[in-house]
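S.K.: build the 3D model from these lines:
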Amino acid sequence: MLSAIFSGLGIGVALAVFAVILAGTGHGSYWPMRLFFAPLFSGPVLVELVAGPLLYGAYAALLVLGKQIDWGMRVFVIIVILHYACLGLALFVVDEEFSYLEKVWKAMPLYAVGAALTFMAAHWLGWRYVVRSL
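M.R.: Residues are numbered from 1 along each chain as shown. Model (predicted):
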């Protein structure tokens, strides 16, 4: 259980590091952070940087508990679907920062691709675990 939680925290920390790099000390874009930590993106950036890794640690804990408790997987699926719903809502919020994504892509394409691949791999592994436990 602890190893899964630490793995989730590690993924969350990696996503937070990518988000900070892509934010470029205010000259980049906070969109990656908005997408990675969609359910949390409503307060100060520092809160998301701390709570984001905890979110992925909680996802990992729910995956492990899902095998031990009847309703655990259902809770995980509902929470991740809510994450995707928040992600969808975040995509509809177009602000002046959205224009910075092109600058970020031109300046740091490898970081942007690495961040996207890390995010997709984390969610793919989670869903793979859910499907295999059915």
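
S.K.: for residue 38, give me its contacts.
M.R.: By CB atoms under 8 Å, 6 or more residues apart in numbering, the contact set of residue 38 is 83, 84, 86, 87, 89, 90. Where you see a C-beta, it was placed from the backbone N, CA and C, and this is true even at glycine.

S.K.: and the gap between residue 65 and residue 86?
M.R.: Using CB to CB, to the nearest Å, we find residue 65 at a distance of 22 Å from residue 86.

S.K.: please determine how far the residue of the chain positioned farthest from its centre is located from residue 30.
M.R.: No residue in the chain sits farther from the centre than residue 70, which is 25.5 Å out by CA atoms, centre = their mean. Per CB to CB, residue 70 is found 39 Å from residue 30.

S.K.: then residue 131?
M.R.: Separation of residue 131 from residue 30 (CB to CB) stands at 32 Å.

S.K.: give the closest residue to residue 100 in space, chain neighbours not counted.
M.R.: Spatial nearest neighbour of residue 100, chain neighbours left out: residue 29 (4.0 Å); criterion: CB to CB, 6 or more residues apart in numbering.

S.K.: just give me the neighbour total for the one you found.
M.R.: By the criterion of other CB atoms under 10 Å, residue 29 has 21 neighbours.

S.K.: which residues sit against stretch 87-101?
M.R.: The contact list for stretch 87-101, computed with CB under 8 Å, 6+ apart, reads 27, 28, 29, 30, 31, 34, 35, 38, 41.

S.K.: for the fifth one, list the residues it contacts.
M.R.: In other words, residue 31. Going by CB under 8 Å, 6+ apart, residue 31 touches 22, 97, 98, 100, 101, 104.
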